[in-house]
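Student: Generate coordinates for the sequence data below:
(chains A, B and C)
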Amino acid sequence: MPELPEVETVKNGLKRLIIERKIKFADSDNPKSFPNAAYDVEQFLIGSTIKDVRRRAKVLMIDLSTEYTLVIHLKMTGQLVFVDKATRFGAGHPNDSLIDSLPDKSTRVTIGFDDGSSLFFNDQRKFGWVKLIPTIEVPNLAFMKKVGPEPLEPDFTAVDFIERFKRRARAKIKAALLDQTVIAGVGNIYADESLWGAKIHPSRLVGDVSVAEFNELYMQVRYVMNLSIEKGGSTNRNYVDAEGKKGSYMDFARVFRREGLPCPRCHTEIVKLKVAGRGTHICPHCQQI
DNA sequence: CACTTGACCTGTCCGC
DNA sequence: TGCGGACAGGTCAAGT
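Tutor: All right, here's what the predicted structure looks like:
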């Protein structure tokens, strides 16, 4: 799934839904999805209360009253869905079919609360994980130490943006955009969308992109990801938010998964190619090598 | 170091 | 219908 806007949407939903709930039990069918010692789970997870939910890059953090944190990465197909037994069978609930079906065969972790509600971590491809870590140790995780700045923070400027790319001067601009140590949170959808917005071909080398083009790319990265947060993220395949609802950014996408359709700017047919090992969508007229 | 490729998994879709 | 292969929102380890 999940790039910055999707993880942000899940975080916002969880903040509304699970703060102050008390954890009664935790189950998992897959050690790689929940690689925590039974002793730690018993000692620091069971019986704890949810105090806060945070996001950094594409990582979610659920802070517990025990000074431990559930650090969660959804990778490609992860979902975190809260189900309250009171709404579970509620007629007319917009997503009662999905909600009613949980847990299902993709459920890797179940967190049960003492009021009967549950949080399900579903992950078809099993790339994602839920790790229980002392809160004070979270900033020391290898990923947290090397990840780049948050591009939507108000004090993150175009000058900062350009500076971060200097270390990847010989890489393709799309590979650098996807590199989480350059800036945090951009994935395949918003890389394609922002490069189209800035009229930059994804295969161009970072060192050959002008300052004016970088300024436009900076604006586009912030524009597409802010718009997507407003739309509840992109549901390309599996993604749903904390209530099981799909996001609608794909209705506003300009190139992503729109091969064969006209470019919204010039009506040239959008084509799909492979760049940096990833499926990539461009307008061959607007985005020249 | 900088950069690219393959691996991790399951499911779906497309061509034969 | 079945089967093989390519492909899917991400990140790492290992390779050049």
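Student: Helix or strand for A:Asp100, just tell me which one.
Tutor: Using DSSP states H and E, A:Asp100 sits within helix A:96-101.
Student: So the spatially closest residue to A:Leu102 that is not a sequence neighbour, which state does it fall into?
Tutor: Leaving aside its chain neighbours, A:Leu102 sits nearest to A:Phe120 (4.8 Å; criterion: C-beta to C-beta, 6 or more residues apart in numbering). Using the backbone N, CA and C atoms, a C-beta is placed for each residue, glycine as well. Judged by DSSP: H, G, I helix; E, B strand; the rest coil, the three-state class of A:Phe120 is strand.
Student: A:Phe120 contacts A:Val83, doesn't it?
Tutor: Yes. At 6.6 Å, A:Phe120 counts as touching A:Val83 under the criterion of C-beta atoms under 8 Å.
Student: Between these two, which contacts overlap?
Tutor: In terms of C-beta atoms under 8 Å, 6 or more residues apart in numbering, A:Phe120 and A:Val83 are both contacted by the residues A:Leu102.
Student: so for the helix holding A:Asp100, what's the average pLDDT?
Tutor: Helix A:96-101 comes out with an average pLDDT of 72.
Student: Just checking: what are the partner strands of the very next helix or strand once past it?
Tutor: Toward the C-terminal end, the helix or strand that comes next after helix A:96-101 (DSSP H and E) is strand A:107-113. Paired with strand A:107-113 in the same sheet, following DSSP bridges, are strand A:23-28 (antiparallel), strand A:118-123 (antiparallel).
Student: Would you convert those strands into CSV that also reports distance to A:Lys166, mean pLDDT and mean neighbour count?
Tutor: Shown next, in CSV, are the strands paired with strand A:107-113 (distance: least, C-beta to C-beta, whole Å; pLDDT from 0 to 100; neighbours: other C-beta atoms under 10 Å):
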stretch, distance to A:Lys166, mean pLDDT, mean neighbour count
strand A:23-28, 42, 98, 17
strand A:118-123, 36, 98, 24
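Student: For A:Ile289, give me its contacts.
Tutor: So A:Ile289 contacts A:His201, A:Ser203, A:Arg204 (C-beta under 8 Å, 6+ apart).
Student: ok, 10 Å please
Tutor: A:His201, A:Pro202, A:Ser203, A:Arg204, A:Asp208 (C-beta atoms under 10 Å, 6 or more residues apart in numbering).
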